[in-house]
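J.: kindly return the folded structure for what I paste below:
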Amino acid sequence: MSVKNSKPNLSHPQVSEMVKRVFGLTPSLIRSLPSYDDQNFFVGTSEGGEYVLKVMNSADSQNSTLLELQTHAMTFLHQRGLPAQTALPTCTGQLMSLEEIDCGFGIHKYLVRLLTYLPGSVIAKIPCSPQVLYEVGKMAAKIDTIMQEMEHPQLPSLQRKNFIWNLSSIPLLEPYIPLMDGDPVQEVVKAVMEQYRTRVIPKLDYFRKCINHGDFNDHNILAQPDGSAGYKISGILDFGDMSSGYYVFELAIAIMYMMIENPSPLDVGGPVLAGWESVFPLNEAEKEALYLLVLCRFCQSLVLARHAVVQQPENEEYLMTTAKTGIRHLCRLWELGEEEVAAKWFRGAAQYAESDKSNIVGVE
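T.: Below you'll find the model as predicted:
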């Protein structure tokens with residue numbers, strides 16, 4: 001089956017029938033939600049609950065172990081007070097069900113989960129103040145530190161060898177580089193990859209290991225007003241890129257994605273870093289690698305978007321949305337250089353932490 005046809009395409013009547021049969025609930029409202037590879041629906045029920053029905057694509061549905069681990073991680077975080085979704089058991093007590101469905105291109109198997117619906121707006125849609133960015137950094141660090149305590153017999157399967165979105169996989173971008181022939185940004189990507197080989201790989205043993213959420217972006221974090229002038233994070237979504245990695249990877253990923261839509265992208269790193277270090281201070285090797293790892297994530301996003309366009313040319317506009325802004329940011333960061341950018345981030349983090357301390361003292 002083609003990549004294109006691995007994405008499910010259920011109709012609302014199919015969703016209604018499945019929710020009744022598998023979960024024993026009666027849908028009163030069904031609304032489609034955005035998703036890249038899978039299919040998501042908001043489901044309001046006559047019984048009064050609100051849920052998100054997640055129908056995984058048929059390719060990922062073949063790896064139930066990873067999905068089981070992701071679901072376990074969400075529950076684990078939720079039990080420790082973090083705003084992660086939890087899965088509602090099926091009528092037979094399982095947290096997911098493998099369903100045979102015909103979406104118009106023959107019968108295929110799709111893993112289905114019904115998750116709790118979390119309130120809030122994606123932070124891509126709210127003004128990203130330094131306070132919001134600080135909360136993002138703090139939450140990213142909390143997730144990774146708490147997941148380190150997690151136990152599960154299948155944890156070794158998070159060593160996702162050759163998982164293209166892990167920051168350890170930067171060398172795997174090599175075969176895709178020709179897709180950018182003729183584009184000036186290709187030289188920057190090549191230079192960043194070379195720096196990764198010479199400066200990051202030799203230092204990996206100095207980075208502290210953890211389990212990464214791996215996709216801490218502005219569409220996977222929900223926030224809502226907290227009663228004062230600020231916002232609090234009300235939801236963490238999409239654990240599909242979860243894998244074994246390093247703490248500093250998560251921080252680099254968060255900084256990169258928070259830059260994408262921000263009108264002052266160079267000012268993002270300071271508050272995110274301050275929030276992160278309020279939970280988990282970086283060591284020297286991690287500090288030295290941060291700038292380069294942020295650039296590496298921009299390169300991943302850009303190169304893999306180009307690859308996706310080759311596979312799905314009809315979706316070029318959507319697939320290149322983040323990449324277009326990302327190219328601008330990547331080139332700007334490269335042009336300014338590590339010394340200037342890293343100094344700005346660490347100076348900004350120190351200033352934010354100091355002002356935050358003053359505010360707390362003022363409140364007391």
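
J.: mind listing the helices for the protein?
T.: 12-18, 64-79, 130-147, 185-195, 247-260, 269-277, 284-311, 316-319, 321-336, 338-363 (DSSP state H).

J.: mind checking these for the one nearest to residue 179?
T.: helix 284-311 (4.4 Å; C-beta to C-beta). For the C-beta atoms, the positions are set from N, CA and C on the backbone; glycine is no exception.

J.: what about that closest one, average pLDDT?
T.: Regarding helix 284-311, the rounded mean pLDDT is 93.

J.: what packs against it?
T.: Identification of packing neighbours for helix 284-311 by 3 or more C-beta pairs under 8 Å, 6 or more residues apart in numbering; DSSP states H and E yields helix 185-195, helix 247-260, helix 316-319, helix 321-336, helix 338-363.

J.: weakest of the ones you listed by average pLDDT?
T.: Mean pLDDT is lowest for helix 316-319 among those, at a mean of 71.

J.: coming back round to it: could you dump the helices of the chain to a markdown table with mean neighbour count and distance to residue 104?
T.: As requested, the helices of the chain are exported to a markdown table (neighbours: other C-beta atoms under 10 Å; distance: least, C-beta to C-beta, whole Å):
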| stretch | mean neighbour count | distance to residue 104 |
| --- | --- | --- |
| helix 12-18 | 15 | 11 |
| helix 64-79 | 18 | 24 |
| helix 130-147 | 23 | 38 |
| helix 185-195 | 17 | 38 |
| helix 247-260 | 26 | 34 |
| helix 269-277 | 27 | 43 |
| helix 284-311 | 20 | 20 |
| helix 316-319 | 14 | 21 |
| helix 321-336 | 17 | 27 |
| helix 338-363 | 14 | 49 |
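
J.: among the helices and strands packed on helix 284-311, which is nearest residue 217?
T.: Minimum separation from residue 217 across the helices and strands packed on helix 284-311 (C-beta to C-beta) falls at helix 247-260, 3.7 Å.

J.: centre of the chain versus stretch 295-309, how much separation?
T.: 15 Å (C-alpha atoms, centre = their mean, to the nearest Å).

J.: please disregard the earlier target; I meant stretch 180-191.
T.: Centroid displacement of stretch 180-191 relative to its chain, using C-alpha atoms, centre = their mean, is 26 Å.

J.: that older thread, want to throw the helices and strands packed on helix 284-311 into a markdown table with distance to residue 158?
T.: Compiled in a markdown table, the helices and strands packed on helix 284-311 are given as follows (distance: least, C-beta to C-beta, whole Å):
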| stretch | distance to residue 158 |
| --- | --- |
| helix 185-195 | 25 |
| helix 247-260 | 13 |
| helix 316-319 | 27 |
| helix 321-336 | 25 |
| helix 338-363 | 29 |
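
J.: of all those, which lies closest to residue 37?
T.: Short answer: helix 316-319, nearest of the helices and strands packed on helix 284-311 by C-beta to C-beta, at 12.1 Å.

J.: out of the helices of the chain, which gets nearest to residue 160?
T.: In terms of C-beta to C-beta, the element of those nearest to residue 160 is helix 64-79, at 7.8 Å.

J.: can I get the CA coordinates of that closest one in CSV?
T.: C-alpha atoms of helix 64-79 as CSV (Å, rounded to 0.1, in the frame of the first residue of the first chain):
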residue,chain,number,x,y,z
SER,A,64,1.6,-1.8,18.6
THR,A,65,4.5,-2.0,21.1
LEU,A,66,5.5,1.7,20.5
LEU,A,67,1.9,2.8,20.7
GLU,A,68,1.5,0.9,23.9
LEU,A,69,4.6,2.6,25.3
GLN,A,70,3.4,6.1,24.2
THR,A,71,0.0,5.5,25.9
HIS,A,72,1.8,4.2,29.0
ALA,A,73,4.0,7.4,29.1
MET,A,74,0.9,9.7,28.8
THR,A,75,-0.8,7.9,31.8
PHE,A,76,2.5,8.0,33.8
LEU,A,77,2.8,11.8,33.3
HIS,A,78,-0.8,12.4,34.0
GLN,A,79,-0.6,10.4,37.3
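
J.: show me what it packs onto, helices and strands only.
T.: Packing partners of helix 64-79 (3+ C-beta pairs under 8 Å, 6+ apart): strand 107-116, helix 130-147.

J.: please repeat the previous calculation with a cut-off of 10 Å.
T.: strand 107-116, helix 130-147, strand 231-236 (3 or more C-beta pairs under 10 Å, 6 or more residues apart in numbering; DSSP states H and E).

J.: what's the mean pLDDT across that helix?
T.: On average, helix 64-79 scores 94.

J.: same deal with stretch 236-246?
T.: On average, the pLDDT along stretch 236-246 is 94.

J.: before we move on, what about stretch 105-115?
T.: The average pLDDT within stretch 105-115 is 89.

J.: got the CA coordinates for it in PDB?
T.: As requested, C-alpha coordinates have been extracted for stretch 105-115 and formatted as PDB (Å, rounded to 0.1, in the frame of the first residue of the first chain):
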ATOM      1  CA  PHE A 105      -9.100   1.500  -0.800                       C
ATOM      2  CA  GLY A 106      -9.800  -1.900   0.600                       C
ATOM      3  CA  ILE A 107      -9.900  -3.300   4.200                       C
ATOM      4  CA  HIS A 108      -6.900  -2.400   6.300                       C
ATOM      5  CA  LYS A 109      -6.000  -2.600  10.000                       C
ATOM      6  CA  TYR A 110      -5.900   0.600  12.100                       C
ATOM      7  CA  LEU A 111      -5.100   0.900  15.800                       C
ATOM      8  CA  VAL A 112      -7.700   3.100  17.500                       C
ATOM      9  CA  ARG A 113      -7.600   4.900  20.900                       C
ATOM     10  CA  LEU A 114     -10.100   7.200  22.600                       C
ATOM     11  CA  LEU A 115      -8.200   9.800  24.600                       C
END
